[in-house]
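**Student:** Sequence unavailable; structure follows:
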């Protein structure tokens, strides 16, 4: 189908305005139809495999939206931001955001700032995703400017992508009410973190201090095993499951893990050079389960 035919087909579809869920898949047109923004009651919105879309118009007008899925859009460069009268009006219902395989995506920007965007002068005063509970970002190496996500609770996955969105979020001093006793560090409510394939040698101590509620942690693709776990003592009372994956270090040294008194399960996956069970595992007295999964050679 020609791109022009695809655009015309999408234009004539024009669903009812009370539509709750919409998925646009493998659409080959260069822009979306205006009727999309009249579907104000959308709760779930998916964009997948739209190979020619370079910009998504502002989406924060979908005030009922709970799930937003953007994937496999190789030409997508940015997502527009019109501006809100208040940060509470910015995606007020959004709970889950998934962005996958958008290699050119650089982030959110004001609609009138296209030229500045090309000069890498990004708008950095976006309101946060205040109600977002779950976030997945995979294979988005250029995604560097996006709203902060300090209140995540359920899940954060950041793999093969820029570390900047996470670093920016964790650099915020506090979240919550204005009174000091109500303020909490960003991501202090997060329960599950999956991080891998990013350009960083270690998880900074300040980050680990913030992750005070973390129960499940998966770290993959670091060249050295010791550095990522240097500050694990900050998770000693909460962490229940740890996954170590795709490490290249021959001699695993993770003495810092011995302080994880709440740890119940540790998993090794795709650690090809793991020759023996690390000696420090014996020191984890609370550990009832060890999984060694796929392509590991343990003697």
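**Tutor:** Sure, I can see it. Note that the structure is predicted; figures quoted are calculated from it, not measured. Numbering: from 1, shown residues only.
**Student:** from here on, contacts and neighbour counts on C-alpha atoms
**Tutor:** Will do.
**Student:** Helix or strand for the closest residue to residue 57 other than its chain neighbours, just tell me which one.
**Tutor:** Excluding its sequence neighbours, the residue lying closest to residue 57 (Cα to Cα, 6 or more residues apart in numbering) is residue 80, at 5.0 Å. Using DSSP states H and E, the element containing residue 80 is strand 78-81.
**Student:** What pairs with that strand, parallel or antiparallel?
**Tutor:** Note on strand 78-81: by DSSP bridges, its sheet partners are strand 55-56 (parallel), strand 107-110 (parallel).
**Student:** ok, then the element right after that strand?
**Tutor:** Trace forward from strand 78-81 with DSSP H and E and the next one is strand 96-100.
**Student:** Just grab the bridge partners of residue 70 for me.
**Tutor:** residue 47, residue 99.
**Student:** just to revisit the earlier point, ranking the strands paired with strand 78-81 by burial, who's on top?
**Tutor:** Greatest average neighbour count among the strands paired with strand 78-81 goes to strand 107-110 (a mean of 23), per mean count of other Cα atoms under 10 Å.
**Student:** what sits up against that one?
**Tutor:** 77-83, 117, 122-123, 143-147 (Cα atoms under 8 Å, 6 or more residues apart in numbering).
**Student:** now residue 263, what's its secondary structure?
**Tutor:** coil (DSSP: H, G, I helix; E, B strand; the rest coil).
**Student:** my guess is residue 33 meets residue 11, correct?
**Tutor:** Yes - using Cα atoms under 8 Å, residue 33 is in contact with residue 11, at 5.4 Å.
**Student:** residue ranges of the helices in the stretch 101-250 of the chain, please?
**Tutor:** 114-118, 164-170, 205-210 (DSSP state H, counting those that start in this stretch).
**Student:** Tell me which of those sits nearest to residue 261.
**Tutor:** helix 205-210 (16.0 Å; Cα to Cα).
**Student:** taking the mean pLDDT, what do you get for that closest one?
**Tutor:** For helix 205-210, the mean per-residue pLDDT is 82.
**Student:** now do stretch 150-160
**Tutor:** Stretch 150-160 comes out at a mean pLDDT of 96.
**Student:** ditto for stretch 33-52
**Tutor:** On average, stretch 33-52 scores 92.
**Student:** Residues touching it, excluding its own?
**Tutor:** Contact with stretch 33-52 is made by 7, 10-11, 14, 16-31, 61-76, as judged by Cα under 8 Å, 6+ apart.
**Student:** Next, the buried residues of it.
**Tutor:** 36-45, 47-52 (16 or more other Cα atoms under 10 Å).
**Student:** measure that stretch end to end?
**Tutor:** 14 Å (Cα to Cα, to the nearest Å).
**Student:** before we move on, what about stretch 19-35?
**Tutor:** End to end - Cα to Cα - stretch 19-35 spans 12 Å.
**Student:** Can we start the residue count at 25 from this point?
**Tutor:** Yes, from this point I'll number from 25; that puts the last item at stretch 43-59.
**Student:** Apart from its neighbours in sequence, what residue is nearest residue 236?
**Tutor:** The spatial neighbour of residue 236 that comes closest, neighbours along the chain excluded (Cα to Cα, 6+ apart), is residue 212 at 5.4 Å.
**Student:** burial measure for the one you found, as a count.
**Tutor:** Residue 212 sits with 22 neighbouring residues when counted by other Cα atoms under 10 Å.
**Student:** Does it touch residue 235 like I think?
**Tutor:** Yes - with contact defined as Cα under 8 Å, residue 212 reaches residue 235; the gap is 4.9 Å.
**Student:** so where is the stretch 125-274 of the chain shaky, pLDDT-wise?
**Tutor:** Filtered on pLDDT under 70, the stretch 125-274 of the chain yields the residue ranges 135-148, 197-206, 225-226, 246-254, 271-274.
**Student:** Run me through the strand neighbours of the helix or strand residue 291 falls within, direction for each.
**Tutor:** Residue 291 belongs to strand 289-293 when assigned by DSSP H and E. Sheet partners assigned to strand 289-293 using DSSP bridges are listed as strand 265-269 (parallel), strand 313-317 (parallel).
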